[in-house]
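# Dropping a prediction and its sequence here:
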Amino acid sequence: ASTAEAGEYKGKSKGHVIVIGGGFAGCTASRELSRSGYKVTLLEARNRLGGRTFTSKFAGEMVDMGGTWVHWSQPHVWSEIRRYGMELDETVGAVAENVIYIDYDGKRHEAKWSDIWPTAEDHDKVWRKYYPDAYEMMPFPSMPFQDLKWIETDNITMQEKLDTADLSEIEKIYIDCYHSTCGANAMDQVSYAYILRWYAHAGYSGTCINDLGLRFKIKGGTKALLEKIIGDANADIHLSTPVRKVTQTKNGVEVLTDTDKKFTADAVVCAMPQNVLRDVEFSPALPAGKLKASEDTHAGSGTKLHVQLEGEYEAFGGWAPGGDVPINYVLWDSAKNGHTHLICFGPGTDTLDMNDTEAVQKAIETFLPDAKVIQAFGYGWNDDPYSQGVWFSPRPGQAYGILEDMQSSHGRIHFASGDWANSWRGFIDGAIEQGLVAADKVRDQLKG
Ligand SMILES: Cc1cc2nc3c(=O)[nH]c(=O)nc-3n(C[C@H](O)[C@H](O)[C@H](O)COP(=O)(O)OP(=O)(O)OC[C@H]3O[C@@H](n4cnc5c(N)ncnc54)[C@H](O)[C@@H]3O)c2cc1C
């Protein structure tokens with residue numbers, strides 16, 4: 001059968017929907033739509049589903065190269081975790097008692113978390129210093145509406161705020177490292193509104209935000225959850241099928257792949273990342289705001305790498321501040337069978353070639369001078385044409401400036417991605433949220 005036929009609906013359904021992109025957003029939309037009686041064709045460019053989540057083998061273990069940590073304060077992903085009975089594992093390094101940090105002069109220090117912050121309240125205070133008046137600035141973080149105060153916070157960078165915040169040296173180093181890591185770029189590239197919104201979602205608690213960002217992961221990896229979601233979708237899945245053109249016709253939508261296979265449907269859920277949309281041709285063209293945001297790209301272009309060391313090191317967390325260092329954050333993950341597994345984050349590939357073991361060795365030596373790196377691996381999300389970056393991180397003005405543009409539908413095309421979620425934007429949770437929202441928009445459109 002030609003793919004035009006393959007894409008044609010022949011059974012009894014309420015209509016036919018093509019979902020472009022099989023990350024958490026696309027898989028969630030596929031499940032929702034197929035379970036409500038639509039025929040679903042899922043077109044995925046890569047030879048696997050999962051998008052910016054990718055559970056793969058490193059040093060004999062299944063680990064997540066992309067999205068990893070989840071939390072019960074993230075309603076959409078938590079509901080899926082509960083629904084499918086998933087269990088969690090813990091990344092102990094996120095809250096390790098041993099801290100190794102590098103100061104702004106490049107000097108190495110060893111410290112104890114409980115000496116720096118004897119109580120959770122002491123840790124919370126640091127966050128309050130960086131985000132004073134957080135509640136006043138952002139009282140309703142999950143609301144999609146824009147507010148003048150929010151917009152003010154969007155127009156300054158995280159670095160500008162760090163330069164003026166009333167923090168001790170160690171507090172400044174910690175805030176710098178956390179924000180360079182979670183901003184996935186140097187702090188002068190990222191909107192101050194970004195992690196403020198995480199913080200607000202985390203109940204204005206530094207302790208919760210730390211648990212939330214880097215501590216609890218899904219047993220079996222994100223793949224285990226994704227397989228449950230897509231397993232509940234009766235979708236016709238085409239892997240290794242990059243879409244190059246989407247045309248709206250009088251009665252539906254035509255989708256052309258890069259090998260010129262044509263699929264037709266009544267509506268499309270476009271679940272590609274912000275940074276990738278610009279590479280697909282739309283007819284009629286994408287609205288100017290959406291296209292511009294994609295061309296501008298978001299700032300998320302940091303590095304995440306897995307490192308295996310010789311020897312079993314005690315659990316620790318490592319911090320090195322600044323946008324010019326190879327690694328900002330080291331998380332001890334486990335130590336067994338004579339080896340230690342670390343997960344490291346840096347501000348970008350300019351400061352570290354993740355797969356150059358010698359470069360990683362040098363970077364790790366700043367924290368552990370005697371360490372020997374056996375192997376290191378980081379997936380090249382920035383160079384992959386189907387992500388062109390890591391998680392969404394807003395440049396100044398992008399936290400709110402582009403949200404409405406990114407969320408709005410374009411005729412029969414509805415856009416779903418964690419990159420423009422209302423709540424946990426840039427997270428797996430946000431991708432699931434937007435998959436649900438897009439499915440609802442399709443249902444509304446096709447029900448008449
Ligand atoms: C290194 C890293 C660490 C992260 N850590 C966390 C974390 O700890 N916790 C957390 O919650 N989130 C984390 N995230 C973010 C999270 O993974 C993403 O926000 C989420 O997975 C995005 O899902 P999505 O479906 O919106 O987009 P994606 O997962 O990017 O899915 C988009 C899909 O579209 C496909 N596609 C692209 N172009 C085309 C085309 N032309 N034709 C067909 N298909 C196409 C892609 O191949 C992809 O499968 C991390 C991300 C990265 C990269």
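Good, I have the coordinates. Please read all numbers here as calculations on a predicted model, not as lab measurements.
# quick one: contacts for residue 43?
Taking C-beta atoms under 8 Å, 6 or more residues apart in numbering, we find residue 43 in contact with 18-21, 238, 241, 243, 255, 257, 263. All C-beta spots, glycine's among them, are computed from the backbone N, C-alpha and C.
# Now which of those residues would you call buried?
Among these, the ones that count as buried by 16 or more other C-beta atoms under 10 Å are 18-21, 238, 241, 243, 255, 257, 263.
# Save those residues as a markdown table, and put in secondary structure too.
Below are these laid out as a markdown table (DSSP: H, G, I helix; E, B strand; the rest coil):
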| residue | secondary structure |
| --- | --- |
| 18 | strand |
| 19 | strand |
| 20 | strand |
| 21 | coil |
| 238 | strand |
| 241 | coil |
| 243 | strand |
| 255 | strand |
| 257 | strand |
| 263 | strand |
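# Give me the distance between residue 79 and residue 436.
Relative to residue 436, residue 79 is positioned 10 Å away (C-beta to C-beta, to the nearest Å).
# and the two? which has more neighbours close in?
Between residue 79 and residue 436, residue 436 has the larger neighbour count (other C-beta atoms under 10 Å), namely 17 against 14.
# Give me the below-cutoff pLDDT ranges for the stretch 151-300 of the chain.
In the prediction, the stretch 151-300 of the chain carries no residues with pLDDT under 70.
# contacting residues around the residue in it that the ligand sits nearest to?
Closest to the ligand within the stretch 151-300 of the chain is residue 243: 3.7 Å, counting by C-beta to the nearest ligand atom. Shown in contact with residue 243 (C-beta under 8 Å, 6+ apart): 20, 43, 45, 255-258, 280.
# Return only those of the residues you listed found close to the ligand.
20, 43, 45, 280 (C-beta under 6 Å from any ligand atom).
# Of the residues you listed, which belong to strands?
20, 43 (DSSP state E).
# who does residue 18 bridge with?
residue 41, residue 268 (DSSP bridges).
# wait, what's in contact with it?
With C-beta under 8 Å, 6+ apart, residue 18 has these contacts: 7, 40-43, 253, 255, 263, 265, 267-269.
# Check residue 325 too.
102, 346-347, 351, 363, 366.
# before we move on, what about residue 300?
Contacts of residue 300 (C-beta under 8 Å, 6+ apart): 183-185, 389-393, 426.
# tell me the SS of it?
Strictly by three-state DSSP, residue 300 counts as coil.
# From residue 33, how far out is it?
Taking C-beta to C-beta, one finds residue 300 at 28 Å from residue 33.
# Which of the contacts of residue 243 sits closest to residue 442?
residue 20 (12.9 Å; C-beta to C-beta).
# That closest one against residue 246, yeah?
Yes. Here residue 20 lies in contact with residue 246, judged by C-beta atoms under 8 Å, at a distance of 7.4 Å.
# Between those two, which contacts overlap?
By C-beta under 8 Å, 6+ apart, the residues touching both residue 20 and residue 246 are 255, 268, 270, 280.
# can you pick the most crowded of the residues you listed?
Going by other C-beta under 10 Å, residue 268 tops the shared contacts of residue 20 and residue 246 with 30 neighbours.
# Okay, buried residues for stretch 77-90 please.
Those would be 77-78, 80-81, 86, for stretch 77-90 by 16+ other C-beta under 10 Å.
# do the same with stretch 48-63
Those would be 49-56, 58, 63, for stretch 48-63 by 16+ other C-beta under 10 Å.
# Can you add secondary structure and distance to residue 400 and give the residues you listed back as a markdown table?
Formatted as a markdown table, the buried residues of stretch 48-63 follow (DSSP: H, G, I helix; E, B strand; the rest coil; distance: C-beta to C-beta, whole Å):
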| residue | secondary structure | distance to residue 400 |
| --- | --- | --- |
| 49 | coil | 31 |
| 50 | coil | 29 |
| 51 | coil | 24 |
| 52 | coil | 23 |
| 53 | coil | 26 |
| 54 | coil | 30 |
| 55 | strand | 33 |
| 56 | strand | 35 |
| 58 | strand | 37 |
| 63 | strand | 34 |
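# Rebuild those residues as CSV, extending it with distance to the ligand and pLDDT.
Below are these laid out as CSV (distance: C-beta to the nearest ligand atom, whole Å; pLDDT from 0 to 100):
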residue, distance to the ligand, pLDDT
49, 7, 98
50, 6, 98
51, 2, 98
52, 4, 98
53, 5, 98
54, 8, 98
55, 11, 98
56, 12, 97
58, 13, 96
63, 11, 97
